[in-house]
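> 3D model of this:
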Amino acid sequence: RWHFPSALSPEAHAEWGLYKILEYMGLHEILPPGMGKNRAKLRKDIEEYHIAYAIDYDDSIIDTFIARRPDGLAFDTEKKLCVLLEYTRAMDTVEDWAERK
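I've put the predicted structure just below:
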């Protein structure tokens, strides 16, 4: 039922940015490359969503969100669910991790 496309290879992981995730889920149409149209359209869609639901937002947070690439993904196509996976690594949290290993 669940599948993990970003775990197939390092190349597959690199491809799964926000645009591809939203396109895969049918939530955002990917426009032809060039002139920043995809980012502008996605930014507008995100802003409109926040306004429609009266959610406070900051322009810099939207840019940060658009630029994210999760560590992993899980899709349940039957229920149309996507889970973004983020892993905590020792090198991210422990200062002397290299000496300890």
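
> Poorly predicted segments of the protein, please.
Per-residue confidence for the chain (pLDDT under 70) gives these ranges: 7-8, 10-14, 30-36, 88-101.

> could you redo the last one with a cut-off of 90?
Within the chain, the ranges that satisfy pLDDT under 90 run 1-46, 49, 57-73, 76-82, 84-101.

> List every C-alpha atom in the biggest helix by length in the chain, with coordinates, as CSV.
Counting residues, the longest helix in the chain under DSSP state H turns out to be helix 37-52. Output of helix 37-52 as CSV, limited to C-alpha atoms (Å, rounded to 0.1, in the frame of the first residue of the first chain):
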residue,chain,number,x,y,z
LYS,A,37,6.9,30.6,-13.9
ASN,A,38,6.7,27.5,-11.7
ARG,A,39,7.9,29.2,-8.6
ALA,A,40,5.7,32.2,-9.2
LYS,A,41,2.6,30.0,-9.8
LEU,A,42,3.3,27.8,-6.8
ARG,A,43,4.0,30.9,-4.6
LYS,A,44,0.6,32.4,-5.7
ASP,A,45,-1.2,29.1,-5.0
ILE,A,46,0.3,28.9,-1.5
GLU,A,47,-0.5,32.5,-0.7
GLU,A,48,-4.1,32.1,-1.9
TYR,A,49,-4.5,28.9,0.2
HIS,A,50,-3.3,30.8,3.3
ILE,A,51,-5.6,33.8,2.6
ALA,A,52,-8.6,31.5,2.0
